[in-house]
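A.B. asks: predicted model follows, preceded by the sequence.
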Amino acid sequence: MEDTIAIQRLKEGDASGLEFLVNKYQLKATQAAWLIVRDHHVAEDLVCQGFLKAYQSIRQFKNEGRFQSWFFRIVVNLAIDYLRSQKRFVDYETEELENDQRFASAELSVEEQLERTQTMEELGAAFRKLDPEQRAVLVARYFLGLGEKETAAQLGKPVSTIKWRRFTALRQLRQALMDGLNSSERKEKQI
């Protein structure tokens, strides 16, 4: 089944259309939400809310657009709104990697696996320091593979704002990674 058929069925009241869309987009939407809120349970809840919103407003969806973009816009906006409603950023310092095995590979030596895990932790720590809007722009670009115009349309912001957020987010990531590298070098010299 294709998205257009599923959407048509959904508009006609056939729940199999929603089931198809959930099966197709749930995992990637949950991953995108998690990258923003950094809480697996909250991400799952936000995706459920996203599907409910999509279901309630499916008649407003224009078939010439892509459902994936429209739906991910709903989920990303819900994630940003959630963090704003918390009036704080999620405490990432107490969060650990859920599964270090996802970074392991039979082709890598133990040292290479440890180095890769450390790099991912450093990148994750730097990513978590970004504000939710910056994370949303990076998730849209590098995780969902959207261009600037599509990201701007998804987030309801001008392209210039998206470019600026991406530029400042990447600059902050670079700086945080450099600070971490410099800190590691100082620790090594002390030992």
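C.D. replies: Thanks, I have it. Numbers count the residues shown, from 1 in each chain.

A.B. asks: what's the weakest-modelled helix or strand in this structure?
C.D. replies: helix 110-128 (a mean of 73; mean pLDDT, DSSP states H and E).

A.B. asks: next SSE downstream of that one?
C.D. replies: helix 132-138 (DSSP states H and E).

A.B. asks: so what touches that next one?
C.D. replies: 35-37, 76, 79-80, 83-84, 89, 127, 130, 151, 155, 162, 165-166, 168-170, 172 (CB atoms under 8 Å, 6 or more residues apart in numbering). Glycine gets a C-beta too; all of them are placed from N, C-alpha and C.

A.B. asks: okay, and which of these map to helices?
C.D. replies: 35-37, 76, 79-80, 83-84, 127, 151, 155, 162, 165-166, 168-170, 172 (DSSP state H).

A.B. asks: give the PyMOL command for selecting the buried subset of these.
C.D. replies: Those of the ones in helices among the contacts of helix 132-138 that count as buried under 16 or more other CB atoms under 10 Å are selected in PyMOL with:
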select buried, resi 35+36+37+76+79+80+83+127+151+155+162+165+166+169+170+172
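
A.B. asks: pLDDT weak spots in this structure?
C.D. replies: 63-65, 87-110, 113-114, 116-117, 119, 181-191 (pLDDT under 70).

A.B. asks: extract the C-alpha trace of stretch 131-139 and format it as PDB.
C.D. replies: Output in PDB follows, covering the C-alpha atoms of stretch 131-139 (Å, rounded to 0.1, in the frame of the first residue of the first chain):
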ATOM      1  CA  ASP A 131      18.300  24.600  22.400                       C
ATOM      2  CA  PRO A 132      15.300  22.600  21.200                       C
ATOM      3  CA  GLU A 133      14.900  24.700  18.000                       C
ATOM      4  CA  GLN A 134      18.500  24.200  17.000                       C
ATOM      5  CA  ARG A 135      18.200  20.400  17.700                       C
ATOM      6  CA  ALA A 136      15.000  20.300  15.600                       C
ATOM      7  CA  VAL A 137      16.800  22.000  12.600                       C
ATOM      8  CA  LEU A 138      19.700  19.500  12.800                       C
ATOM      9  CA  VAL A 139      17.400  16.500  13.200                       C
END
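
A.B. asks: how about the most centrally placed residue in the chain, secondary structure?
C.D. replies: Centroid check for the chain by CA atoms, centre = their mean gives A32 as the closest residue, at 2.7 Å. The three-state assignment at A32 reads helix, by DSSP: H, G, I helix; E, B strand; the rest coil.

A.B. asks: next, the contact list for the closest residue to it other than its chain neighbours, please.
C.D. replies: Nearest residue to A32 in three dimensions, chain neighbours excluded: V139, at 5.3 Å (CB to CB, 6 or more residues apart in numbering). Each residue near V139 by CB under 8 Å, 6+ apart is listed here: 32, 35-36, 76.

A.B. asks: return the member of these nearest to L21.
C.D. replies: Among the contacts of V139, A32 lies closest to L21 (CB to CB), at 15.2 Å.
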